[in-house]
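Peer 1: Here's a sequence, model it:
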Amino acid sequence: MTVSTQGLHIRTGSRILSGSVELLSSMRFAISLLSVICIASVIGTVVKQHEPFINYVNQFGPFWADVFASANLFSVYSAWWFLVILAFLVVSTSLCIARNTPKILVDFKAYKENIREQSLKAFPHRAEGALGETPEAAAHRIGQTLLGSGWKVKLQSRVTPTGTGWMVAAKTGAANKVGYLAAHSAIVLVCIGGLLDGDLMVRAQTWFLGKTPFMGGGLIADVPAQHRLSASNPTFRGNLLVTEGTTAGTAILAQPQGVLLQDLPFGVELKKFIVEYYDTGMPKLFASEIVIHDNETGESKEARVEVNHPASYRGINIYQSSFDDGGSRVKLQAVPLNRATAPFEVEGTIGSSTALSNGDDKLTLEYTGLRVINVENFAGSNQGGGTDVRKVDLRSSIESRLGSGHKTVTEKTLRNVGPSITYKLRDAAGQAVEYHNYMLPVEIDGTRVYLLGLRKTPSEPFRYLRIPVDEQDGIDGFVRLRAALDDPALREQAVRRYAASAVEDGRPELAEALAVSATRALGLFAGAESVSPAAGDGATSPRPEVRGGLQAVSAFLETNVPPAERERAGDVLVRILNGTLFELMQLSRERVGLPPLVAGEATQQFMSQAAISLSDTFFYPAPMTFQLKDFTHVQASVFQVARAPGQNIVYLGCLLLILGVFAMLYVRERRLWVWLSPSGDQQAQARMALSTNRKTMDADREFDLLKTQLLKVQP
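Peer 2: Now for the predicted structure:
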């Protein structure tokens, strides 16, 4: 029997109905649906699902984000069209099975012993031979031989003009057809399990039971009933966040327009969240020690949940998904950077906010995240600044790219750099800038610096301002220098000191000229005056004014110095600027009673980095930065809770799929016929043919063996 790709034909007067049923039950339609589902699954894998819409706007732009959202590409597996295609695939495949199963069952029992003698001549594998025994004796001998080799045999006697002939019909490999049924049944079972465990039940409740997504804020206990799903919900999958020492019993189900709350028949209490780390600081184990409290019986059950080792209670699986901050208490110190503001301390919890006042400006400080451990890669990826052709080794280059898949060419040096705080400063208009500051200094390129990161949108990476540490490994030295730079009196005093130390005694006119140049350079660097840079070639409008930093000095040179003399003038201005900044640093230390800095390599390294950092502070959008001074860490565990009644159905479908594919690929269906006709006294003439569903070399070898065993014919 050959499985047909045509659909089911029904007798009806309507040609449209008959054609629709034939199309729906055809194998070509099922394969087309399966191809569409595969393409949709690829989209769902490549495009992150259930992200905030603003993330898609940043990634694809407003126009394409709206287009993709209208097609539900951001929630493919719960999209109505995906569920419809899945349902049609179930119906189509089921009709294919229903159409072919009766034929297969009939074919199991059929030996096709009534085949005509002349038909045997049309088979590719055929043979003839003369046997020295009667047809009946030969038929029984051949039948016994085939039975011993695992064939199923049926004998048939026929009356012919020359006497009584015998037909030996045999078959084996019928499991190949079982593989067809198993594989197609597996597709139906997997699709049904996917529909049961998917978003279909939740969507049905929003369609028919009046449930709507919740888009507001506040306490979970205050959310109205129309946004909640009952504990008897047959299938769901959501997230449950539990803070250490607390109990939670309501899961969050993300929806395209908000969230739905899923009440659980039990509460989960987090006793302890455990994180184990490798020597490099990378985490190697996440585990949660929990207590499950039954809402009906009051029974308590202790359990441990690890990654890939979930806990199960009342048909609901509890998976370790991730971890989060559970409301850690932090203490921050405000450090002025580009305005003369007084330092102060503020305390809050992660997830809360604090109102700040900066004169007429009203700011809101939002505590968004605390990370106790930060593992960074400090391998020197650009040492030397390029490739030395004298060190190119072709063999080493090739071997570095061969071997195991996890081997990389670039060596990693991982190091834990300590805690960090993430916060946002939001103005009265609602615009926010996100900041990420490390608590401890980090050594980069031989210099210990504090890293102060910022970004204006979540899609951007953090850009970091590097603040050099003083001799106390703190940030106070740089802060004093920044405050002194904003003080006109200290700038004037630093210029006089520099001019006096740089010019020999007895040359007051040269000292006065140097003081004028130093005053102009330090004033430009401090932002005391703005500079309008010259318009570039082809520019149609003037460039914006520049105020403060090395960029102001550069703009001054471009505007007032001819191109041929800029390099020499720039070197002079940089030396003057470095000298005045050093004197300014000494004055800032004198004001607080600290001894002057001793000239040396460490001081020079500090001043070089300080000059760059001072220039960068003019781009820092906030008047102050907040340094993490102390914290009380409270952890929270994020569980994924799921009731999946279709899970066992999917497992059964996967088992059937494996068995079915294996049977169809590795089991060959073969049928054998041997016609024995009388030929003289106690002799028979044999004609044999073999049919197989796949033409292989194994079939050729098997037929040669059968000729030898049954007909005594040598190949």
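Peer 1: Every contact and neighbour count from this point should use C-alpha atoms.
Peer 2: Fine.
Peer 1: can you list the weak-confidence ranges in the protein?
Peer 2: Scanning the chain for pLDDT under 70 picks out 1-15, 279-282, 339-341, 358-360, 377-414, 505-506, 534-543, 713-715.
Peer 1: cutoff 50 now
Peer 2: Along the chain, segments meeting pLDDT under 50 span 1-3, 7, 381-392, 394-395, 398, 401, 404-406, 538-539.
Peer 1: Would you tell me which helix is longest in it?
Peer 2: Across the chain, the longest stretch assigned as helix under DSSP state H is helix 80-109.
Peer 1: helices or strands next to that helix in the packing?
Peer 2: Applying 3 or more Cα pairs under 8 Å, 6 or more residues apart in numbering; DSSP states H and E, one finds that helix 80-109 contacts helix 15-24, helix 27-46, helix 175-197.
Peer 1: tell me which residues in that helix are buried?
Peer 2: The neighbour-count check on helix 80-109 (16 or more other Cα atoms under 10 Å) flags 80, 82-83, 86, 88-97, 99-101, 104, 108 as buried.
Peer 1: hmm, back to that, deepest in the core, which of the helices and strands packed on helix 80-109 is it.
Peer 2: Highest mean neighbour count among those (mean count of other Cα atoms under 10 Å): helix 175-197, with a mean of 22.
Peer 1: contact partners of that one?
Peer 2: 83, 86-87, 89-90, 93-94, 97, 101, 104, 235-236, 643-664, 667-669 (Cα atoms under 8 Å, 6 or more residues apart in numbering).
Peer 1: wait, what's in contact with Lys284?
Peer 2: Listed by Cα under 8 Å, 6+ apart, the contact set of Lys284 reads Val275, Glu276, Tyr277, Tyr278.
Peer 1: 6 Å - rerun?
Peer 2: Contacts for Lys284 (Cα atoms under 6 Å, 6 or more residues apart in numbering) come out as Glu276, Tyr277.
Peer 1: rewinding a little: now restrict the contacts of helix 175-197 to buried residues only.
Peer 2: Burial by neighbour count, judged by 16+ other Cα under 10 Å, picks out 83, 86, 89-90, 93-94, 97, 101, 104, 235-236, 643-646, 649-650, 652-654, 656-657, 659-661, 663-664, 667-669 from these.
Peer 1: Show me the residues you listed that map onto strands.
Peer 2: Among the buried ones among the contacts of helix 175-197, the ones falling in strands (DSSP state E) are Phe236, Arg643.
Peer 1: C-terminal to the longest strand along the chain, what's the next element?
Peer 2: The residue-count maximum for a strand in the chain (DSSP E) belongs to strand 258-277. Counting by DSSP states H and E, the element after strand 258-277 in chain order, helix or strand, is strand 283-294.
Peer 1: Going by neighbour count, list what's buried in that next one.
Peer 2: Within strand 283-294, the residues scored as buried using 16+ other Cα under 10 Å are Phe286, Ala287, Ser288, Glu289, Ile290, Val291, Ile292, His293, Asp294.
Peer 1: Equivalent analysis for stretch 461-471, please.
Peer 2: The neighbour-count check on stretch 461-471 (16+ other Cα under 10 Å) flags Phe462, Tyr464, Leu465, Arg466, Ile467, Pro468, Val469, Asp470 as buried.
Peer 1: quick one: contacts for Asp325?
Peer 2: Gln635, Ala636.
Peer 1: Break the protein down into its structural domains.
Peer 2: Using automatic domain parsing, the domains assigned to the chain come out as 15-107, 115-173+668-711, 213-234+236-326+635-643, 478-533+545-629.
Peer 1: Can you convert those domains into a markdown table and add a column each for distance to Val188?
Peer 2: Shown next, in a markdown table, are the domains of the chain (distance: least, Cα to Cα, whole Å):
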| stretch | distance to Val188 |
| --- | --- |
| domain 15-107 | 5 |
| domain 115-173+668-711 | 25 |
| domain 213-234+236-326+635-643 | 20 |
| domain 478-533+545-629 | 57 |
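Peer 1: now, which of the buried residues of strand 283-294 sits nearest Phe266?
Peer 2: Asp294 (4.4 Å; Cα to Cα).
Peer 1: Does the closest one touch Val268 like I think?
Peer 2: No. With contacts counted by Cα atoms under 6 Å, Asp294 stays clear of Val268, the gap being 9.0 Å.
Peer 1: Now do Glu133 against Met167, distance only.
Peer 2: From Glu133 across to Met167, the span is 15 Å (Cα to Cα, to the nearest Å).
Peer 1: Neighbour count for those two, which is higher?
Peer 2: Between Glu133 and Met167, counting by other Cα atoms under 10 Å, Met167 is the more crowded of the two (26 against 17).
Peer 1: Parallel or antiparallel, list what pairs with whatever helix or strand the more buried one lives in.
Peer 2: Per DSSP H and E: Met167 is located in strand 163-172. Applying DSSP bridges, strand 163-172 is found paired with strand 152-160 (antiparallel), strand 670-678 (antiparallel).
Peer 1: Neighbours of Thr559, how many?
Peer 2: Neighbour tally, Thr559, other Cα under 10 Å: 14.
Peer 1: again with Val57
Peer 2: 15.
Peer 1: Buried residues, whichever strand or helix holds it. List them.
Peer 2: Using DSSP H and E, the element containing Val57 is helix 53-60. For helix 53-60, the neighbour count (16+ other Cα under 10 Å) marks Phe53, Tyr56 as buried.
Peer 1: Pull out the buried residues from the helix or strand following it.
Peer 2: Note on helix 53-60: by DSSP H and E, the next helix or strand toward the C-terminus is helix 62-70. For helix 62-70, a neighbour-count test (16+ other Cα under 10 Å) marks Ala65, Ala69 as buried.
Peer 1: count of residues packed around the nearest residue to Thr246 once chain neighbours are set aside?
Peer 2: Distances taken as Cα to Cα, 6 or more residues apart in numbering put Glu269 closest to Thr246, at 5.6 Å, once the chain neighbours are dropped. The number of residues packed near Glu269 is 22, by other Cα under 10 Å.
Peer 1: swap in Ser677?
Peer 2: Residues lying near Ser677 (other Cα under 10 Å) number 26.
Peer 1: just the CA coordinates of stretch 682-702, formatted as PDB?
Peer 2: What follows is stretch 682-702 as a C-alpha-only set of coordinates in PDB (Å, rounded to 0.1, in the frame of the first residue of the first chain):
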ATOM      1  CA  GLN A 682       7.400 -34.800  -9.200                       C
ATOM      2  CA  GLN A 683       8.800 -31.500 -10.300                       C
ATOM      3  CA  ALA A 684       7.800 -27.800 -10.200                       C
ATOM      4  CA  GLN A 685       8.600 -24.600 -12.000                       C
ATOM      5  CA  ALA A 686       9.100 -21.700  -9.600                       C
ATOM      6  CA  ARG A 687       8.700 -18.000 -10.400                       C
ATOM      7  CA  MET A 688       9.600 -15.500  -7.500                       C
ATOM      8  CA  ALA A 689       9.300 -11.700  -7.100                       C
ATOM      9  CA  LEU A 690      10.200  -9.300  -4.300                       C
ATOM     10  CA  SER A 691       8.600  -5.900  -3.700                       C
ATOM     11  CA  THR A 692      10.100  -3.300  -1.300                       C
ATOM     12  CA  ASN A 693       9.200   0.300  -0.500                       C
ATOM     13  CA  ARG A 694      12.800   1.500  -0.900                       C
ATOM     14  CA  LYS A 695      15.400   0.500  -3.400                       C
ATOM     15  CA  THR A 696      18.600  -0.200  -1.600                       C
ATOM     16  CA  MET A 697      21.600  -2.400  -1.800                       C
ATOM     17  CA  ASP A 698      20.400  -4.300   1.100                       C
ATOM     18  CA  ALA A 699      17.300  -5.300  -0.900                       C
ATOM     19  CA  ASP A 700      19.500  -6.600  -3.700                       C
ATOM     20  CA  ARG A 701      21.600  -8.700  -1.300                       C
ATOM     21  CA  GLU A 702      18.500 -10.000   0.400                       C
END
